[in-house]
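Participant: Sequence and predicted structure are below.
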2 protein chains.
Amino acid sequence: MDTADLLTVGAVARRSGFAPSALRYYERLGLISATRTTGGQRRYTRSVLRRLAFIRAARNIGLSLDEVAAALEALPQGRTPTKADWARLSRGWRQRLDDQISGLLALRDGLDSCIGCGCLSLRRCAISNAGDRAALDGPGAAFLPRSLRRVGEV
Amino acid sequence: MDTADLLTVGAVARRSGFAPSALRYYERLGLISATRTTGGQRRYTRSVLRRLAFIRAARNIGLSLDEVAAALEALPQGRTPTKADWARLSRGWRQRLDDQISGLLALRDGLDSCIGCGCLSLRRCAISNAGDRAALDGPGAAFLPRSLRRVGEV
DNA sequence: CTGAAAGATGAAGTTGACTTCAAGTCAAGG
DNA sequence: CCTTGACTTGAAGTCAACTTCATCTTTCAG
């Protein structure tokens, strides 16, 4: 690998959209790695960009960094991961997304039956008792990611 | 209001599903209130239950407590809120849910085109660039609520 | 009247995913 | 060689929404 091909933190940050501090954090968690210059600075191979794209994608799907780490462990150790490797990794996301979508649809349908009646009954209202899915996480489970909150007015 | 109608924290906690500590927290934030006995203990009117149902519902839709507080401010000051008041408050949620659902659908469709190609391109992939909606919150916006994470394996 | 259960308080802890800070070091164009 | 911007580190801070803790007080059935 030609040294000219190696990327600095700043370059990786710009290209991936992750802050340098996030890259260092991911490195501490073992999600990515880098070689070092004699002076101790990080130098990344371009392959880290695809790895970061995977991390970003997984986060968007809703995986925690712990889960991302576990997923990345499943990559082949000996060789450079192929497209098929990445695709295999992301195949399970489809089911996950379907589950999320159906949860929100149920919530919306409940809301439709609720608006106008204004019931919000502790026992009957579909919104205040947001389905079995939420119950898995105890009462009051939030259905929305932070990124989608605070968008509109009530 | 007959004193016999007043509820203790424990009773409200049991009926609403919120922990007593959460009720105290909500009170500090001004979301709910209670009268006090001469000894300093909280006594709630039954109206707090509907208010808590609203809070639970709003949280399930994805509102932050700040937003819930702002919404509750909009309730009529002079009189007991009617069903119509509550319904008006929750009407904006429909749009919000629709937005959330379409965001997830876009993500899923992107995933379908992505699985098998394994691209995860930083520029092209719909999953690693999860749509304009996520871009509002900068790169890496998470689409999933905590409650739905960590559900499956990748 | 009494004792156990329930309630009160402020401060500190929790979780996840980072960011910020302070103080110092490295890399490289001119 | 020098300067300036980029990089290094560990520790501490942030945010949201609560929970937990330690210690003390109140309530009320019997």
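Facilitator: Great, that's in hand.
Participant: Would you agree A:Thr45 is in contact with A:Asp5?
Facilitator: Yes: contact criterion C-beta atoms under 8 Å: A:Thr45 and A:Asp5 qualify, at 7.0 Å. Heads up, the C-betas are built off the backbone N, CA and C, glycines and all.
Participant: Just give the number of residues close to the closest residue to DNA strand C within chain A.
Facilitator: As assessed by C-beta to the nearest atom of the strand, DNA strand C sits closest to A:Gly39 within chain A, at 2.2 Å. Residues lying near A:Gly39 (other C-beta atoms under 10 Å in any protein chain shown) number 5.
Participant: can the helix ranked longest in chain A be found next to DNA strand C?
Facilitator: Longest helix of chain A, by residue count under DSSP state H: helix A:93-114. No: using C-beta under 7 Å from any atom of the strand, we find that helix A:93-114 stays clear of DNA strand C, coming within 14.4 Å at best.
Participant: hmm, back to that, the residue of chain A closest to DNA strand C: which element?
Facilitator: Using DSSP states H and E, A:Gly39 falls within no helix or strand.
Participant: Tell me where chain A has strands.
Facilitator: A:35-36, A:42-43 (DSSP state E).
Participant: List the contacts of the last one.
Facilitator: Read it as strand A:42-43. Strand A:42-43 has contacts (C-beta atoms under 8 Å, 6 or more residues apart in numbering or on different chains) with A:Thr3, A:Leu6, A:Leu7, A:Thr8, A:Val9, A:Leu23, A:Glu27, A:Ala34, A:Thr35, A:Arg36, A:Thr37.
Participant: If we use 7 Å, what do you get?
Facilitator: For strand A:42-43, the external contacting residues (C-beta atoms under 7 Å, 6 or more residues apart in numbering or on different chains) are A:Leu6, A:Leu7, A:Thr8, A:Val9, A:Ala34, A:Thr35, A:Arg36, A:Thr37.
Participant: Derive a ChimeraX selection command for the buried subset of the residues you listed.
Facilitator: Those of those that count as buried under 16 or more other C-beta atoms under 10 Å in any protein chain shown are selected in ChimeraX with:
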select /A:6,7,9,34
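Participant: taking the contacts of strand A:42-43 one by one, which sit in helices?
Facilitator: A:Val9.
Participant: Give me the subset of the contacts of strand A:42-43 that also touch DNA strand C.
Facilitator: A:Thr37.
Participant: Between which two of the contacts of strand A:42-43 is the distance greatest?
Facilitator: Pairwise distances across the contacts of strand A:42-43 (C-beta to C-beta) peak at 13.2 Å, for the pair A:Leu7 and A:Arg36.
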